[in-house]
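model this:
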Amino acid sequence: MLEFLGKSLEYESKLLDSQSRVVEAEAIGQSWLQRNWIPITMLTFLILVVCDSFDWLAFRLSNEAWTLLQIGLGGYVLGRTGEKIVEKIRK
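Below is the predicted model of the structure:
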């Protein structure tokens, strides 16, 4: 049981490390689009939500779209947090 927990912890550690490297690579990327695609995506979602809330869309956002928005927002918040952590670790 302890061996399994140790392996699981090791796996989680490697996963977090690789995710932080991806966030870091995007944050310091050479391309403007590479550095800004996540904020652009989240602003697009925000516009869709506002338009949906005021019935300005020709269609209503489906439940799947709302689920995707929740996942995207959670990932965005975690990604931004990761960026801040990476910056502090570098210093």
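
And the longest helix seen in the chain, what does it pack against?
Longest helix in the chain by number of residues (criterion: DSSP state H): helix 63-90. For helix 63-90, the packing partners by 3 or more Cβ pairs under 8 Å, 6 or more residues apart in numbering; DSSP states H and E come out as helix 2-27, helix 32-53. C-beta here means a position set from N, CA and C on the backbone, and glycine is covered the same way.

In this structure residue 49 contacts residue 61, no?
Yes: judged on Cβ atoms under 8 Å, residue 49 makes contact with residue 61 at a distance of 7.5 Å.

helix, strand or coil for the nearest residue to residue 51 once chain neighbours are set aside?
Of all residues not flanking residue 51 in the chain, residue 57 sits nearest, at 4.9 Å (Cβ to Cβ, 6 or more residues apart in numbering). Of the three states, residue 57 takes coil under DSSP: H, G, I helix; E, B strand; the rest coil.

Distance check, residue 57 against residue 42.
Residue 57 is 18 Å from residue 42, where distance means Cβ to Cβ, to the nearest Å.

So between these two, which is more surrounded?
residue 42 (17 against 12; other Cβ atoms under 10 Å).

so how far is residue 32 from the closest residue to residue 72 other than its chain neighbours?
Residue nearest to residue 72 in three dimensions, not counting chain neighbours: residue 45, with 6.1 Å by Cβ to Cβ, 6+ apart. With distances taken as Cβ to Cβ, residue 45 is found 20 Å from residue 32.
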